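Trainee: show me how the following folds:
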Amino acid sequence: MASQDPNTNTASGSGKQDEPTKPPPPKDSKKKDDKKDEDLSDEDLALKQQLELYVERVQDPDPGLQKVALESMRQEIRTSTSSMTSVPKPLKYLRPHYGTLKAYYETMTDSDLKKYLADILSVLALTMSAEGERESLKFRLLGSDGDIGSWGHEYVRNLAGEIAQEYAKRQSDETPFDDLMELVQQIVAFHMRIALFLDNKEYVKQVFTSCDDLLRKKQFCYILARHGSNFELNDEMVAEDEEREALQDIINNAKLSEGYLTLARDIEVMEAKTPEDIYKAHLLDGRASAGASVDSARQNLAATFVNAFVNAGFGQDKLMTVPSDASSGGASGNWLFKNKEHGKTSAAASLGTILLWDVDSGLAQIDKYFHSNDNHVIAGALLGVGIVNCSIKNDCDPALALLGEYIDKEDPSIRIGAIMGLGIAYAGAENEQIRSKLTPILNDAKAPLDVITFAAISLGLIYVGSCNEEVAQAIIFALMDRSDAELGEPLARLIPLSLGLLYLGKQESVEATAEVSKTFHEKIRKHCDMTLLSCAYAGTGNVLKVQNLLGHCSQHLEKGETHQGPAVLGIAMIAMAEELGLEMAIRSLEHLLQYGEQNIRRAVPLALGLLCISNPKVTVMDTLSRLSHDTDSEVAMAAVISLGVIGAGTNNARIAAMLRNLSSYYYKDASLLFCVRIAQGLVHLGKGLLTLNPYHSDRFLLSPAALGGIITMLHACLDMKAIILGKYHYVLYFLILAMQPRMLLTVDENLKPLSVPVRVGQAVDVVGQAGRPKTITGFQTHSTPVLLAAGDRAELATEKYIPLSPILEGFVILKENPEYREE
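Mentor: As a prediction, the model looks like this:
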């Protein structure tokens, strides 16, 4: 029967559903074809004839020939690459035959071949099917269960859209949709990140519940942990208690320190470094090193920060963690007391940075400072406890237990230490207990301004991006209660920022609060307005808001207006979302430098730093290098700090050389030298293993707590002299919220590190290309764990394992490939 069928079919287009679409081609296709064939190049013509031959062969009665023809057609489609603007050639030439193949498909008997044809029809439907027919999905469900990714991204994207429509339709018709769920499983590894991107806890739960594979769930947990999302698993999501604990451990980041140290050992950088190793004073000419022999408190404070940043997370250094029974008679105590008053706070807290993520040994080592009689040391110890717990969640909440009782002490420095510690330890946790402890401080008339400011910032970080009404109210009242004199203080300008943090990236949700802000005192009204706008649209790339902010920056105002600084930073916060906007923002900032007033010029370097955080672009580096010699010392300081920010954790040799030269250039200017030292510490952050970039998963996801920490630090830098160079230098520790290992660590099914070869190279954008285009260029092959620089991407160089995450960064679970055969 099948043998006579093809002929009748091609002649009359007997398939009922095809009648409306069929007749047109035969009428005019002859004339057109002759014309078309003349335009085609030889190889295109050959390809076209080849494909037409396959179409005929597919309808051949001999199954052997059919199979060969289908295989060849499949190969052609898969290997073709296309540009963004044109349809891949095989799809183009097969378009006229879509009806023919479809009609023939209806007549075939059930077999593997029929499924094969269904696969091909599913791909052809991508360009051919009429709107709303969902033929691509229809044939996909009829086809073989192959890997859908191999047909290209565009196909997966189209399929996901059709699944959504079909799902909605079936829900309204109340028909079962189990077959759709299987497809969703295949696309689902993509979707955990999309659920986080949509920032909807419900979706995250759905992805969890719809997935039955325990390993997949573990991989989801790693993604959640990297995102810093505070997510509690319940019985519905994971039924087994043991499994649930193991998964919750991953989300709580309990293994982060271990993974990071595995990386450090592998790269052989465990050896502790001293600030002198970073300054490399011997490379400079005589005069600079001569000036440095004096032991000044400010230089020691700088060394404290450098030491903390360079050895962050390594658990050992040469200043703070020296064993006390050594011949030096407890060197760690000695270093602490080489710092003056508030310098001791930063020094004690630096121990927390060195022991970052290692809660157990961290708390044990910091404990000794709690018995000090010096309030500054206790304050530092409290802050250190918060830092150790940063982005690590623990069931017994050690940070809350230790810091909670110090919040209401008399001494303001102790209170600030405890409050800031809580803000860093519980960023993004939306913890009710802490809210009930901190909100009373905001409305306490007797509390000093700095305590209130830090309480507001901590609340902003704990409830980052949550739009929490009660916290917003408390902060608004705190702002309204401030006197004129207080609102003029540089620190008070961080209170509107804390309000902005609540709405980080939440776009329109900020509008009600923005209306309220119009009633504030005129000193802070505009400042608050700019800050709220820039936070709410941070990371959205919204062009209209960028223009709005640029408008505010173009006005030439009398002295004393402070709102233009936050507006400039806002441009960077909004435009950092994607590459193109970022390039355009860099150019706009260049213009602001030339025409803007001083208070704008002071903010521009910081905005450039935010745009290229941990990603030293040469053009930006040169601009900052030029600004670091500016006549206005505030501009120069901001530029120096920004050099550190763009080079953070990259060990970039060029920036390191620039900073060394600056250290000899500014050897007499203590403030600028301090900034140079901080920048040197940042460039060598974690000996080059850490990044400050809040974006992860191939620049797809933005971690809110990380961004919150960075912008808090940058807003503080808008007034360097009062905050960073004053007694609040510990705001630099807010950067810890953004510190993450820039690594790819592959683990096996038992989550033990597993070394496999990977190719690491510059990422290439291949969205919308059919077939399997190369995703990276200029790669080198290493064995994991490996470091990933900004804009790098990794892919496995072996077929032996299958990664459970489509994006290789952070912790990736590999499972053995069952089809792998050793050659």
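
Trainee: what about the strands in the stretch 301-450 of the chain?
Mentor: Secondary structure of the stretch 301-450 of the chain (DSSP state E, counting those that start in this stretch): no strands located.

Trainee: need the helices for it, in chain order.
Mentor: 331-336, 341-354, 359-366, 375-388, 398-404, 412-425, 432-442, 449-462 (DSSP state H, counting those that start in this stretch).

Trainee: for the helix or strand hosting Met584, packing partners?
Mentor: Per DSSP states H and E, Met584 falls inside helix 579-595. In terms of contacts (3 or more CB pairs under 8 Å, 6 or more residues apart in numbering; DSSP states H and E), helix 579-595 is packed against helix 543-553, helix 564-575, helix 598-611, helix 618-627. From N, CA and C alone the C-beta is placed, and that goes for glycine too.

Trainee: now the helix or strand following the shortest one: mean pLDDT?
Mentor: Along the chain past helix 618-627, the next helix or strand (assigned with DSSP H and E) turns out to be helix 633-646. Averaging the model's pLDDT scores along helix 633-646 yields 94.

Trainee: next one: stretch 649-656
Mentor: The model assigns stretch 649-656 a mean pLDDT of 92.

Trainee: ends of that stretch, how far apart?
Mentor: By CA to CA, to the nearest Å, the extent of stretch 649-656 from end to end equals 11 Å.

Trainee: who's in contact with the residue nearest the centre of the chain?
Mentor: Taking CA atoms, centre = their mean, the centroid of the chain lies closest to Tyr695, which sits 1.9 Å from it. When contacts are counted by CB atoms under 8 Å, 6 or more residues apart in numbering, Tyr695 touches 576, 701-703.

Trainee: quick check: mean pLDDT across stretch 121-133?
Mentor: Averaging pLDDT along stretch 121-133 gives 73.

Trainee: scratch that, stretch 366-373 is what I was asking about
Mentor: In this model, stretch 366-373 has a mean pLDDT of 86.

Trainee: just use 569 as the starting number from now, easier for me
Mentor: Let's use 569 as the start, then, which means that last one is stretch 934-941.

Trainee: can you give me the buried ones in that stretch?
Mentor: 934, 936-937, 940 (16 or more other CB atoms under 10 Å).

Trainee: can you tell me the distance between the two ends of that stretch?
Mentor: End to end - CA to CA - stretch 934-941 spans 15 Å.

Trainee: quick one: it to chain centroid distance?
Mentor: The chain centre lies 36 Å from the centre of stretch 934-941; the measure is CA atoms, centre = their mean, to the nearest Å.

Trainee: again, but for stretch 938-951
Mentor: The chain centre lies 34 Å from the centre of stretch 938-951; the measure is CA atoms, centre = their mean.

Trainee: excluding sequence neighbours, find me the nearest residue to Val956.
Mentor: Nearest residue to Val956 in three dimensions, chain neighbours excluded: Gly930, at 3.5 Å (CB to CB, 6 or more residues apart in numbering).

Trainee: let me redo that: Ala637
Mentor: What sits nearest to Ala637 in space, not counting adjacent residues and going by CB to CB, 6+ apart, is Arg625, at 3.6 Å.

Trainee: got a pLDDT number for that neighbour?
Mentor: Model confidence at Arg625, given as pLDDT, is 82.

Trainee: hmm, it is touching Val636, no?
Mentor: Yes. With contact defined as CB atoms under 8 Å, Arg625 and Val636 form a contacting pair (7.2 Å).

Trainee: quickly list what's touching both of those two.
Mentor: By CB under 8 Å, 6+ apart, Arg625 and Val636 have no common neighbours.

Trainee: what sits up against the helix or strand hosting the residue nearest to Ala637?
Mentor: Taking DSSP H and E as the criterion, Arg625 maps to helix 610-626. Residues from elsewhere that reach helix 610-626 (CB under 8 Å, 6+ apart): 605, 608, 633-634, 636-638, 640-641, 644, 657-658, 661-662, 665, 668-669, 672, 685.

Trainee: of these, just the buried ones, PyMOL syntax please.
Mentor: Provided next is the PyMOL selection string for whichever of the contacts of helix 610-626 are buried by 16+ other CB under 10 Å:
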select buried, resi 634+637+638+640+641+644+657+658+661+662+665+668+669+672+685
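
Trainee: just the buried residues of the helix holding Arg625, please?
Mentor: 615-616, 619, 622-623, 625-626.

Trainee: between those residues, which is closest to Phe882?
Mentor: Of all those, Leu615 has the smallest distance to Phe882: 58.2 Å, by CB to CB.

Trainee: ok, the residue nearest to Ser1201 when sequence neighbours are not counted to Val1334 distance?
Mentor: Leaving aside its chain neighbours, Ser1201 sits nearest to Leu1240 (6.5 Å; criterion: CB to CB, 6+ apart). Going from Leu1240 to Val1334 by CB to CB, to the nearest Å gives 45 Å.

Trainee: for those two, indicate the residue with more neighbours.
Mentor: Using other CB atoms under 10 Å as the criterion, Leu1240 and Val1334 rank with Leu1240 on top: 21 against 16.

Trainee: quick check: the more buried one touching Ala1204?
Mentor: Yes. The pair Leu1240 / Ala1204 is scored as a contact, 6.1 Å apart, by CB under 8 Å.

Trainee: what's near enough to touch Ile1030?
Mentor: Contacts were defined as CB under 8 Å, 6+ apart; by that measure Ile1030 touches 990-991, 994-999, 1002-1003.

Trainee: if we can go back for a sec, next SSE after the helix holding Arg625?
Mentor: Where DSSP H and E defines the elements, the next helix or strand beyond helix 610-626 is helix 631-647.

Trainee: got the angle between that following helix and helix 610-626?
Mentor: For helix 631-647 against helix 610-626, the angle by axes from the mean of the first three to the mean of the last three CA atoms, to 10 degrees is 140 degrees.

Trainee: so which elements touch the helix or strand that comes right after helix 631-647?
Mentor: Reading on from helix 631-647 to the C-terminus, the next helix or strand found by DSSP H and E is helix 657-662. In terms of contacts (3+ CB pairs under 8 Å, 6+ apart), helix 657-662 is packed against helix 610-626, helix 631-647, helix 680-696.

Trainee: now the helix or strand that helix 657-662 is followed by: buried residues?
Mentor: Elements were assigned by DSSP H and E; along the chain past helix 657-662, the next helix or strand is helix 666-675. Within helix 666-675, the residues that qualify as buried are 666-673, 675, counting by 16+ other CB under 10 Å.

Trainee: which single one of these is nearest to Ser1156?
Mentor: Closest to Ser1156 out of the buried residues of helix 666-675 is Tyr666 (48.2 Å), distances taken as CB to CB.

Trainee: surely that closest one meets Leu692?
Mentor: Yes. Taking CB under 8 Å as the definition, Tyr666 is a contact partner of Leu692 at 5.3 Å.

Trainee: can you put the contacts of Tyr1263 in CSV and add distance to Ile1209, neighbour count and pLDDT?
Mentor: What follows is the contacts of Tyr1263, written out as CSV (distance: CB to CB, whole Å; neighbours: other CB atoms under 10 Å; pLDDT from 0 to 100):
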residue, distance to Ile1209, neighbour count, pLDDT
Met1144, 17, 26, 90
Leu1269, 26, 21, 86
Leu1270, 22, 24, 88
Ser1271, 22, 26, 90
